[in-house]
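**Student:** Provided below for reference: sequence and predicted model.
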Amino acid sequence: MSVEAGRTPGQTHRTAYDEQTHARLAADAAQIIARYPQERSALLPMLHLVQSEDGYVSPRGIAFCAATLGISTAEVSAVATFYTQYKRHPNGEYTVGVCTNTLCAIMGGDAIWEHLSDELGIGHDETTDDGAITLERIECNAACDYAPVVMVNWEFFDNQTPESADELVGKLRAGEPVAPTRGADSVCSFKQMSRVLAGFPDGRADEGVGAGGPTVRGTVLARENGWEAPAFPGDEPAEEPVETKTASSSAAASGATATPKAGDEQSSAERPAATAADSSAAQQENKQASDEAKES
Amino acid sequence: MATTLAPVLTAHWDADRSWTLETYEAGGGYRGLRRALNMQAPDVVTMVKDSGLRGRGGAGFPTGMKWGFLPAPDGGPRYLVVNADESEPGTCKDIPLMMASPQHLIEGVIITSYAIGCHHAFIYVRGEVLHVYRRLLRAVEEARAAGYVGSDILGSGYDLEITVHAGAGAYICGEETALLDSLEGLRGQPRLKPPFPAVAGLYARPTVVNNVESIASVPGIVVGGADWFKQMGTERSTGHGLFSLSGHVTNPGQYEAPLGITLRELLEMAGGMRGGRALKFWTPGGSSTPIFTAEHLDVPLDYESVGAAGSMLGTRALQIFDETTSVVRAVTRWTEFYKHESCGKCTPCREGTFWLAQVLQRIERGQGTSADIDLLLDLCDNILGRAFCALGDGATSPITSAVQYFREEFEAGCHTPADVLFPPERSALFDYRPRSGAQLAGAH
């Protein structure tokens, strides 16, 4: 098949799960499907589930998803190829992602990337021969106040340097446990991570810190300076019995003058296509200009 | 100092085991829910409308008004979907919020669901934050055990299920209709609007899609009232907001302040620029908002003032770059991001972002041509307003604004590589010898 061209040479794919594995995955899939009003919504978590079994989105995993959800394998593949977390070839035990989006790159992420890529001898989305590490250039991971950031199996390793990243991958390759800056006490494997992302908790939510220094910087500074948000009016515990559902006194007290029904502001279908919520002012002007051009 | 911080969401982030229900309740958590359940649902909507709360995910659309767009109940389901797909470059507020205090979001979800008549809410969190997903799953478990989620919540007769759903890596899923497609198990591509999600959203049912911080702000509004919220901020940009400082500042981090605070005030709180260097450029609200320079230090960071100054408040992601930074390098990298994340649905964005990246890459290498700047601007002109969703528009913002303020740097890209003009090691937080610099210096 032509699709094999870009794949790892010599790689083979198993075509199906054995009976026991299939039964286990089917039970998991049933739990996932039960979370949603419509079963197709289960596809993304099910692809994470497939990765928790096979370490990538395998052909047999695609077939399993398709059969379970009653859709075609092409439909499953269309989804699997859209999202970067779904791997099309076997992933290493640990995905090491170096943020090289602008801010992290400039703060030193590019240097970390160059160093790790040189040291490991692999490029983006490639895996070391020992199967330990898949290296990735990743996009912004919402930890810019800790730049430069490295993610290992999507746990935060903050404020990295080439040296700290070097030590990190050294430990990973040696099979030693590593602890993220903000996350569980130790980084789990790619497959274990994938199972959590499929929505099956591993009981580790209470591990680790609530926040790092930059996260609480404003909190601490405000306390040191005695800065507070305005106090709630008549601050007292709200212990009113909830059975009495009278028209709200709180709303009236807060200056509410009318009590429109939720449907009163009628259908957004009547709104113009571009509102402030949907587009910038510049876009709207442009849109208008373009619409006028079409009409003329 | 004119404006000080106003910790509301962040007030207890440094508490011991801040993420637990116990800590959240000790700090006053779930008072808002109790009060809301004593109110008529439309009154909760009115209260949030009156507060002036505007969407904290970037667009700034009034939250209560969005809720009010739902058509009258027809007996079928209606949904709340929380957009927790925080991926806009520079934006780092929702992820730490959910890590440190997920119950804030859960309480907001329950109140909002009650207000709009929703019995099944979804939190769509990006898949690349494992521990945040763990914390959210646990937070829902804890809330359920306490009787805040499930059937007959606190004896009110109101039922709610919450599903926390992990994405799988796609910036575009932060666009609300792409998020809905993704949540339905499809490729995350934006939908044609109208119909808007309020009319035909998740499973084609009436749906409210709100940002994490917007929803987390609801409990405080319900406890304090609309007037309490309006004590903070400006007349049209009310309330508190998270300002995320990153980059070349001494103390990067989260600073929760009334809208309308200025970067000058925030910078002072954050210990100023790294090593006393000069501020060169910054984003007021993520990479999709046109950049600002030192001349904008006193622009009040509210929706109107930032808009009037030529940018957008966006997500209040203040990425700050000092004089050592090449604006060409920064903009090229952002453009490569948009190229990578373009979903491919519409031609202007799919083709345009690839084209933009190619032109910028040669300017960064010092191999641009004299026509390249005009070509860039022409490309931007053909994307802005012509792309299917805001991603394409966002891709043009850093380019057009950077050319506006730093045209000479792009012109220098016709003969000198960016890393010769601005050696990257000077911008980094540590010493190193860049590999590419040595290779590129003599390439021309």
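**Tutor:** Everything's here; your move.

**Student:** For the stretch 301-444 of chain B, which residues are neighbours of chain A?
**Tutor:** B:307, B:312, B:317, B:319, B:321, B:325, B:329-330, B:333-334, B:337, B:340-341, B:343, B:384-386, B:390, B:393, B:424-425, B:427-430, B:432, B:434-436 (C-beta under 8 Å from any C-beta of the partner chain). Where C-beta positions appear, they are placed from N, C-alpha and C, glycine not excepted.

**Student:** any idea which helix or strand of chain A has the worst average confidence?
**Tutor:** Across the helices and strands of chain A, mean pLDDT, DSSP states H and E gives its lowest value to helix A:249-253, namely a mean of 41.

**Student:** Show me how to select, in PyMOL, the buried members of the residues of the stretch 301-444 of chain B next to chain A.
**Tutor:** Per 16 or more other C-beta atoms under 10 Å in any protein chain shown, the buried members of those correspond to this PyMOL selection:
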select buried, chain B and resi 307+312+317+319+321+325+329+330+333+334+337+341+343+384+385+386+390+393+424+425+427+428+429+430+432+434
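
**Student:** Which of the residues of the stretch 301-444 of chain B next to chain A fall in helices?
**Tutor:** B:307, B:329-330, B:333-334, B:337, B:340-341, B:390, B:393, B:424-425, B:427, B:435-436 (DSSP state H).

**Student:** Which strand or helix spans residue B:35?
**Tutor:** Per DSSP states H and E, residue B:35 falls inside helix B:31-37.

**Student:** In terms of secondary structure, what does that helix contact?
**Tutor:** Using 3 or more C-beta pairs under 8 Å, 6 or more residues apart in numbering or on different chains; DSSP states H and E, the elements in contact with helix B:31-37 are helix B:102-116, helix B:218-224.

**Student:** And the next helix or strand past it?
**Tutor:** Counting by DSSP H and E, what follows helix B:31-37 is helix B:41-51.

**Student:** pLDDT of that next one, averaged?
**Tutor:** Averaged over helix B:41-51, pLDDT sits at 98.

**Student:** how about it against chain A, any contact?
**Tutor:** Yes - judged by C-beta under 8 Å from any C-beta, helix B:41-51 comes into contact with chain A through B:41, B:42, B:43, B:44, B:45, B:46, B:47, B:50.

**Student:** Make CSV out of these and add neighbour count.
**Tutor:** Output for the residues of helix B:41-51 next to chain A, formatted as CSV (neighbours: other C-beta atoms under 10 Å in any protein chain shown):
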residue, neighbour count
B:41, 22
B:42, 24
B:43, 23
B:44, 28
B:45, 30
B:46, 28
B:47, 30
B:50, 21
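
**Student:** now, among these, which is nearest to chain A?
**Tutor:** Closest approach between those and chain A, by C-beta to the nearest C-beta: residue B:43, at 3.8 Å.

**Student:** May I ask which two of the ones in helices among the residues of the stretch 301-444 of chain B next to chain A are separated the most?
**Tutor:** B:307 and B:435 (41.5 Å; C-beta to C-beta).

**Student:** Residue A:187: neighbouring residues, count only.
**Tutor:** 25 (other C-beta atoms under 10 Å in any protein chain shown).

**Student:** so it makes contact with residue A:176?
**Tutor:** No - checked against C-beta atoms under 8 Å, the pair residue A:187 and residue A:176 is beyond contact range at 10.6 Å.

**Student:** As a check, name the ranges of all strands in the stretch 1-150 of chain B.
**Tutor:** B:79-84, B:120-125 (DSSP state E, counting those that start in this stretch).

**Student:** ditto for the stretch 1-150 of chain A
**Tutor:** Using DSSP E, counting those that start in this stretch, strands in the stretch 1-150 of chain A cover A:94-99, A:126-127, A:133-138, A:150-152.

**Student:** Just checking: what are the partner strands of the first one?
**Tutor:** If I follow you right, that is strand A:94-99. strand A:133-138 (parallel), strand A:150-152 (antiparallel) (DSSP bridges).

**Student:** to the chain's geometric centre, what's the distance from that strand?
**Tutor:** Computed by C-alpha atoms, centre = their mean, to the nearest Å, the separation of strand A:94-99 from the middle of its chain amounts to 14 Å.

**Student:** pLDDT of it, averaged?
**Tutor:** Mean pLDDT, computed over strand A:94-99, is 98.

**Student:** Low-confidence bits of the chain, can you list those?
**Tutor:** No chain specified, so I'll use chain A. Low-confidence segments of chain A (pLDDT under 70): A:1-12, A:236-296.

**Student:** nope, chain B
**Tutor:** B:1, B:436-444.

**Student:** Relative to chain A, how far out is the residue most central in space within it?
**Tutor:** By C-alpha atoms, centre = their mean, chain B has its centre lying nearest to residue B:315, at 3.8 Å. As judged by C-beta to the nearest C-beta, to the nearest Å, residue B:315 and chain A stand 10 Å apart.

**Student:** I figured that residue hits residue B:55, correct?
**Tutor:** No - Residue B:315 is beyond contact range of residue B:55, at 10.1 Å (criterion: C-beta under 8 Å).

**Student:** re the thing from before, of all the helices and strands packed on helix B:31-37, which one is nearest residue A:220?
**Tutor:** Closest among those, using C-beta to C-beta: helix B:102-116, at 18.3 Å.

**Student:** list the contacts for residue 118?
**Tutor:** Picking chain A for this. Residue A:118 makes contact with residue B:435 under the criterion C-beta atoms under 8 Å, 6 or more residues apart in numbering or on different chains.

**Student:** Please refer instead to chain B.
**Tutor:** Counting by C-beta under 8 Å, 6+ apart, residue B:118 has contacts B:77, B:78, B:79, B:80, B:112, B:160, B:208.

**Student:** Nearest residue to it in space, please, no chain neighbours.
**Tutor:** Spatial nearest neighbour of residue B:118, excluding adjacent residues (C-beta to C-beta, 6 or more residues apart in numbering or on different chains): residue B:80 at 4.6 Å.

**Student:** measure the one you found to residue B:208 for me?
**Tutor:** The spacing between residue B:80 and residue B:208, counted by C-beta to C-beta, to the nearest Å, is 5 Å.

**Student:** Now for these two: what residues contact both?
**Tutor:** Common neighbours of residue B:80 and residue B:208 (C-beta under 8 Å, 6+ apart) are B:112, B:116, B:118.

**Student:** For burial, what's the neighbour tally of residue B:17?
**Tutor:** Residues near residue B:17, counting by other C-beta under 10 Å: 12.

**Student:** Who are the contact partners of the closest residue to it other than its chain neighbours?
**Tutor:** With sequence-adjacent residues excluded and distances taken as C-beta to C-beta, 6+ apart, residue B:17 is closest to residue B:23, at 5.5 Å. Neighbouring residues of residue B:23 by C-beta under 8 Å, 6+ apart: B:12, B:15, B:16, B:17.

**Student:** quick one: which of those is most hemmed in?
**Tutor:** Among the contacts of residue B:23, residue B:12 has more neighbours than the rest - 21 neighbours, counting by other C-beta under 10 Å.

**Student:** OK, contacts around that residue?
**Tutor:** A:219, B:18, B:23, B:24, B:27, B:101.

**Student:** The last one: neighbour count?
**Tutor:** The reference is to residue B:101. Other residues lying near residue B:101 total 29 when counted by other C-beta under 10 Å.

**Student:** Next: the fourth one.
**Tutor:** The local packing of residue B:24 (other C-beta under 10 Å) involves 25 other residues.

**Student:** Now do residue A:42 against chain B, distance only.
**Tutor:** From residue A:42 to chain B the distance is 7 Å (C-beta to the nearest C-beta).

**Student:** Count the neighbours of the closest residue to residue B:324 other than its chain neighbours for me.
**Tutor:** Distances taken as C-beta to C-beta, 6+ apart put residue B:426 closest to residue B:324, at 4.1 Å, once the chain neighbours are dropped. Neighbour count for residue B:426, taken as other C-beta under 10 Å: 13.
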